[in-house]
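In: okay, sequence plus prediction incoming.
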Amino acid sequence: MSATMRAMAIGRFGGPEELQPATLPRPEPGSGELLVRVAYAGVNPADWKTREGWLAAFFDYRFPFVPGFDLAGTVVEVGEGADASLLGRRVVAYSRQGRGEWGSYAEYAQVWAAAAVPLPDSVELAAAAALPTAGITAWEGVFEVGRLRAGQKLLVHGGAGGVGRYAIQLARHAGAEVAATCSAAKRDDVLALGAVRAFDYRDPRWPAALRDWAPEGVDLLLDAVGQGSLPDAVALVRRGGVLAPVATLVAGEPQPDARFAAERGVRVVPAMSDFARSGAQLRELVALSAAGLLQAPPLAVLPLAQAGEAQRRVQAGEVRGKLLLQVEGALP
């Protein structure tokens, strides 16, 4: 195995053009860690925010820096104390980027063994690479924050996106009723996932249609869009219900009316991944995928060398479903 690896890295904060090919030292797995040969890396909004320096409040960047949270690939080396039976296994995992280490836009990624889940043969690597950030965020919003139960009603704002698609399916699997907002073009897709109502967010009459379905308001509203796109969110939640906005890290983002929420007894709790829970949640997501109960979003794949273009598309809101970078076999 070579002592170096090829990657797409940034040497400073800036636009998509800052992502450039780089030859870097191959990581060595430490205690409780694995080294994974990356086949696919997921591209998330957090990736371009990483590139622009938004995550500097959470960790110190060390340039050159390799972004990327999500990955699927094959374990090629096992660190001390990690499960040796994982060697040679296909896994899906979170990278260590959230702790300031290199991410998944590279031939190899160092991951915590606790954050890696072996893949059954029925789960393809590409579909698995779409799971970690979007799937775990949906799980957090639906179950950890929302505490959704069978028979309750959920509204997913942004039902056609990665988080929204997983949230609809998880809620339906739990026995809840689900409605979602989406574009008119995505209505049939959203209904096929198990939503019983699909509201065109461009139609100003959709809140009235929602109230026809849930006269007292929904038990849980998962806002997977944010950025002030749902200014009356609190009013759509029943008294004592939950509003779960997906954390976007956008500076100056409009926030729900805290006073109105308090008057209605609506809990407003952001949905975001928690490392302590992420491994167990990812195992549940993989099991549901293997059982055919959780479909991946529509996948689009670009070669790793086009990481800058991939991030540009995600940042511009041009992606419907999930965009992946093909790493293994994609570099000359």
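Out: Here it is on my side, so go on.

In: which stretch of helix or strand covers Ala180?
Out: Taking DSSP states H and E as the definition, one finds Ala180 inside strand 177-182.

In: other SSEs contacting that strand?
Out: Secondary-structure packing of strand 177-182 (3 or more Cβ pairs under 8 Å, 6 or more residues apart in numbering; DSSP states H and E): strand 153-157, helix 162-173, helix 187-192, strand 197-200, helix 206-213. C-betas here are computed from N, CA, C, even on glycine.

In: grab the nearest non-local neighbour of Val196.
Out: Closest residue to Val196 apart from its sequence neighbours, by Cβ to Cβ, 6 or more residues apart in numbering: Glu177 at 5.7 Å.

In: ok, the one you found - how many residues close by?
Out: The local packing of Glu177 (other Cβ atoms under 10 Å) involves 20 other residues.

In: what do you get for the one 3 residues further on?
Out: Residues near Ala180, counting by other Cβ under 10 Å, number 32.

In: and the one 3 residues further on, by the same measure?
Out: Using other Cβ under 10 Å as the criterion, Ser183 is surrounded by 15 other residues.

In: so it is in contact with Trp206, correct?
Out: No - applying Cβ atoms under 8 Å as the test, Ser183 and Trp206 come out as separate, 11.7 Å apart.

In: anything in contact with each of those two?
Out: Asp200 (Cβ atoms under 8 Å, 6 or more residues apart in numbering).

In: please report phi then psi for Ala184.
Out: phi -60, psi -30 (degrees, to the nearest 10).

In: per-residue confidence at it?
Out: For Ala184, the pLDDT comes out at 94.

In: isn't it right up against Phe199?
Out: No - if you go by Cβ under 8 Å, Ala184 and Phe199 don't touch, sitting 9.8 Å apart.

In: using the three-state scheme, assign the spatially most central residue of the chain.
Out: With distances taken as Cα atoms, centre = their mean, the residue of the chain nearest its centroid is Ala134 (2.0 Å). Following DSSP: H, G, I helix; E, B strand; the rest coil, Ala134 is assigned to helix.

In: wait, what's in contact with it?
Out: Contacts of Ala134 by Cβ under 8 Å, 6+ apart are Gly42, Asn44, Gly161, Gly162, Val163, Arg165, Tyr166, Pro297, Lys322.

In: do the same with Leu325
Out: Contacts for Leu325 (Cβ under 8 Å, 6+ apart) come out as 40-43, 68, 105, 301-304, 306-307, 310.

In: same thing with Glu101?
Out: Pro27, Ser95, Gln110.

In: in JSON lines: the residues you listed, plus distance to Gly226 and neighbour count.
Out: Output for these, formatted as JSON lines (distance: Cβ to Cβ, whole Å; neighbours: other Cβ atoms under 10 Å):
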{"residue": "Pro27", "distance to Gly226": "33", "neighbour count": "20"}
{"residue": "Ser95", "distance to Gly226": "24", "neighbour count": "28"}
{"residue": "Gln110", "distance to Gly226": "31", "neighbour count": "22"}
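
In: okay, those residues in JSON lines with distance to Leu191 next?
Out: Shown next, in JSON lines, are those (distance: Cβ to Cβ, whole Å):
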{"residue": "Pro27", "distance to Leu191": "44"}
{"residue": "Ser95", "distance to Leu191": "34"}
{"residue": "Gln110", "distance to Leu191": "41"}
